[in-house]
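Asker: pasting the structure only:
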């Protein structure tokens, strides 16, 4: 099947597609909020109906312990490969609400951007595939390959129930390739294929000195202060060059190869505008590595939160009895969260003075991910993006974790294509989230091409 | 005038005195909280009324820029000395509220203790004097000496407005001796006269890295984390021997003399029960000094509170944009809060990396205090305590600060008697604050005797 008329249809219907995306964005499907449970369910129903409208032959809602999963399929090309497309319909909370320039669930278009919660993360990207499918179906009455489409409702809160859904439904979901559109492009005009994600190991350290807070005058100079101990621990986690000091921490780290260094250095990444976007006076990373190497290929360690003692207004004079910190480490191949947890705990215990009691909670872990970019599915993506964006695709990695990618890999054992159409500054997770509408349109064209490209690959 | 019948009256009315103290403790006069402004004012009114009830001939409320000062006087013995009694009616905040076994403002009596915020610090001690005065007035219709009584409402937040009140009212307050009951006894059964207090310098450090919290995955490894910077700063404030690392910090410190070392060593102080009372596994102080030397005669530094980033339940993965710490230093002669503030700020700025923005708030300062124990007013206190407690008084210092003592000394230029009836483990500033009721009773008897003893001294 030729995509030419499909492309023409998509181009002719762009304005309608954008209007229809607005309807999806209007649903406040905030997964973390108890007040929005019905909205989340309504959003799932809405998507199920849309799946049938665009021509999928089956659409179904799977209830979970949490929010439902929407599943749709079109399996009318038995001799062709099957792809599974993953996206999520839940969105981040909107607070601080007063920092939004327009109401988060009243999408508005300005200067080629659609503003609204979920526009880029991930409703717009889900609809890119919906509209690509619709275009194929409207012109040919069929797709060039088989598609299974799952849209989950708990990505923003950890996908825990989604993982429980995946395992027993392995057969239903079995496919040749997975396509996920939930990562950013490195820069406008540079369609990007993501081949690596960092893993995660997350801990909470709890220290206790005295049995309760003490008067800092009456007792100051006679007891250890758990805030000082915790500060010392945090200080001993990294050196002044940004290198993590946990013994054996780097043992399994695969260093950036000279080839990859060169490739990353050639990417259209502008440190100065990156720095400005973050709003820091100066960037800081592990010395010996570029910013992109540091955020994509090197492990990192950050205290995400610290608290202890009196944190209100004014000047309460106490020696606190407790101090706590949340520590997140981003892992790279071949680190594993289990081994890192052991190394971390052993080290922290070794630097704990006898004056305090300590507990360490293991909160959360995820494996790093690195794809083999030589796989033929990457070739199809390069070709599709070239035609859809009229630009050469670049290969990128991403510093965050999408635990579901790894679960896909392990549960379904198939190559995973991370093809994202967001931009780094589109305020996902922040006020005034927006979606670049040119990327939305080019994304639809790219996916139309992508399905056709993949249809020429071998099915396993 | 003989105190015998006065003592009998006080003994016969002990239970009523205790009940009446409960009424005072019930008023949540938290001076640091905006929500309690009306309670603080109500507490002042309450005390003014009580002053008239116990027989003072004048009672008045002086408004200040902050909380009011309550003033009362009885000046019916013109040929006798005049003492000024100082106390405070404001109390510390109650958080962490969930660690209280009984509600902080619903006083409860158990095993000879009254539990409640302010019972020992300082409402109970203020009432010791109220009830001693009441007893004299009820029996003799007069006092053996002149009394000016001031109770302020901002002791727990630095007494700043109180100092502004003192200066223009120097004449109103002019007296021969000052008596302050806001210090602890070293141990139950050992009535204590305090001749030294540490000063205070209190700061808040505010750090900012990025303009808003960042995703720890996408950005981890490229920006400085203000929590790490703050931890490093805290670590650089003291070495592993408990010695403060701020340059020139010890320059003005008067070292403990051999004579005082010997006197302190002979006090009934048991390190093991002190350790147990605090509930730490091991004590920790500046090496080369005993515990008492460390908490009374050496300066100390403690972070009273630290906060930054995500401190809720679970595992939010962010690099926080801000981190804050409250730092309290206890000063000894001849340190001054002004010089220490300069040294502290200079040092903190010198260890601030260029990647973060910093502000330092000066919150609160107070001079250290050391009395000449050879003054005759100390002799009267020894005699009064001997009779009130049936025990020999001991001389102690106190690690906390009562900035007003120093101001008294400078503004009114009179000797100051620090006669406290609290116990070191009564949880002043902590949950489950309590007051030993035997000390409350013996304190009243001691003050009855004290007024009579001082009445025999020369008036200036």
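Answerer: Perfect, I can see it now. Predicted model, so just to flag it, every value in this text is computed and none were measured. Numbering: from 1, shown residues only, chains lettered A, B, ... in the order given.
Asker: A strand includes residue A:83, no?
Answerer: Yes - looking at residue A:83 with DSSP: H, G, I helix; E, B strand; the rest coil, it is inside a strand.
Asker: list the beta-bridge partners for it.
Answerer: On the basis of DSSP bridges, residue A:83 is bridged to residue A:147, residue A:177.
Asker: so how far is residue A:173 from it?
Answerer: Distance of residue A:83 to residue A:173, given as Cβ to Cβ, to the nearest Å: 11 Å. All C-beta atoms are positioned from the backbone trio N, CA, C, and that covers glycine.
Asker: pick out whichever of the two has more residues nearby.
Answerer: Set side by side, residue A:83 and residue A:173 show more neighbours around residue A:83, with 25 against 21, by other Cβ atoms under 10 Å in any protein chain shown.
Asker: mutual contacts of residue A:83 and residue A:173, please.
Answerer: Residues within reach of residue A:83 and of residue A:173 at once, by Cβ atoms under 8 Å, 6 or more residues apart in numbering or on different chains, are residue A:148.
Asker: ok, residue A:223 to residue B:330 distance?
Answerer: In terms of Cβ to Cβ, residue A:223 sits 13 Å off from residue B:330.
Asker: kindly report the same for residue A:100.
Answerer: Distance of residue A:100 to residue B:330, computed by Cβ to Cβ: 47 Å.
Asker: likewise residue A:153?
Answerer: Taking Cβ to Cβ, one finds residue A:153 at 55 Å from residue B:330.
Asker: and the two? Which one has more around it.
Answerer: residue B:330 (30 against 27).
Asker: how about the helix or strand hosting the more buried one, does it get close to chain A?
Answerer: Assessed by DSSP states H and E, residue B:330 sits inside strand B:322-331. Yes - using Cβ under 8 Å from any Cβ of the partner chain, strand B:322-331 comes into contact with chain A via B:323, B:324, B:325, B:326, B:328, B:330.
Asker: how far off centre is that strand?
Answerer: 18 Å (Cα atoms, centre = their mean, to the nearest Å).
Asker: same deal with stretch A:353-370?
Answerer: 22 Å.
Asker: same thing with stretch A:406-425?
Answerer: For stretch A:406-425, the distance to the chain centre is 9 Å (Cα atoms, centre = their mean).
Asker: what comes up buried for it?
Answerer: A:406-409, A:411-412, A:414-425 (16 or more other Cβ atoms under 10 Å in any protein chain shown).
Asker: filter the residues you listed by proximity to chain B?
Answerer: residue A:424.
Asker: okay, the closest residue to residue A:220 other than its chain neighbours: pLDDT?
Answerer: Excluding the flanking residues, the one nearest residue A:220 by Cβ to Cβ, 6 or more residues apart in numbering or on different chains is residue B:300, at 3.5 Å. For residue B:300, the model assigns a pLDDT of 98.
Asker: just the strands from the stretch 1-150 of chain A, written as ranges.
Answerer: Remark: strands assigned in the stretch 1-150 of chain A by DSSP state E, counting those that start in this stretch are A:58-62, A:69-74, A:82-88, A:108-110, A:113-115, A:146-152.
Asker: got a list of contacts for the second one?
Answerer: What that stands for is strand A:69-74. Contacts for strand A:69-74 (Cβ under 8 Å, 6+ apart): A:44, A:47-48, A:51-52, A:55-62, A:89, A:133, A:137, A:142-143, A:146-153, A:162, A:165, A:172.
Asker: the fourth one too?
Answerer: Contacts with strand A:108-110, where a contact means Cβ under 8 Å, 6+ apart, come from A:18, A:102, A:114, A:115, A:116, A:437.
Asker: between those, which sits nearest chain B?
Answerer: Comparing the contacts of strand A:108-110 against chain B with Cβ to the nearest Cβ places residue A:115 closest, at 17.6 Å.
Asker: which neighbouring elements make contact with the helix or strand of chain A with the lowest mean pLDDT?
Answerer: Lowest by mean pLDDT, DSSP states H and E among the helices and strands of chain A is helix A:403-412, with a mean of 80. When contacts are defined as 3 or more Cβ pairs under 8 Å, 6 or more residues apart in numbering or on different chains; DSSP states H and E, helix A:403-412 packs onto strand A:82-88, helix A:160-166, helix A:170-173, strand A:177-180, strand A:369-370, strand A:416-420.
Asker: so after the fourth one, what's the next helix or strand?
Answerer: Using DSSP H and E, the helix or strand that follows strand A:177-180 in sequence is strand A:192-197.
Asker: between that next one and strand A:416-420, how big is the angle?
Answerer: 130 degrees (axes from the mean of the first three to the mean of the last three Cα atoms, to 10 degrees).
Asker: show me what whichever helix or strand comes after strand A:192-197 packs onto, helices and strands only.
Answerer: Next in sequence after strand A:192-197, counting helices and strands by DSSP H and E, comes strand A:199-208. Counting contacts by 3+ Cβ pairs under 8 Å, 6+ apart, strand A:199-208 packs against helix A:226-235, strand A:322-331, helix A:337-350, strand A:357-366.
Asker: what's the average pLDDT for strand A:199-208?
Answerer: 96.
Asker: neighbouring strands - and their directions - for the strand holding residue B:330?
Answerer: strand B:199-208 (antiparallel), strand B:300-309 (antiparallel).
Asker: pretty sure residue A:52 contacts residue A:61?
Answerer: No - using Cβ atoms under 8 Å, residue A:52 makes no contact with residue A:61, being 11.9 Å away.
Asker: okay, and the common contacts of those two?
Answerer: With Cβ under 8 Å, 6+ apart, residue A:52 and residue A:61 have no common neighbours.
Asker: quick one: secondary structure of residue A:275?
Answerer: helix.
Asker: circling back: turn the contacts of strand A:108-110 into JSON lines, columns for neighbour count and distance to residue A:216.
Answerer: Below are these laid out as JSON lines (neighbours: other Cβ atoms under 10 Å in any protein chain shown; distance: Cβ to Cβ, whole Å):
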{"residue": "A:18", "neighbour count": "19", "distance to residue A:216": "60"}
{"residue": "A:102", "neighbour count": "13", "distance to residue A:216": "48"}
{"residue": "A:114", "neighbour count": "22", "distance to residue A:216": "54"}
{"residue": "A:115", "neighbour count": "24", "distance to residue A:216": "49"}
{"residue": "A:116", "neighbour count": "29", "distance to residue A:216": "49"}
{"residue": "A:437", "neighbour count": "20", "distance to residue A:216": "58"}
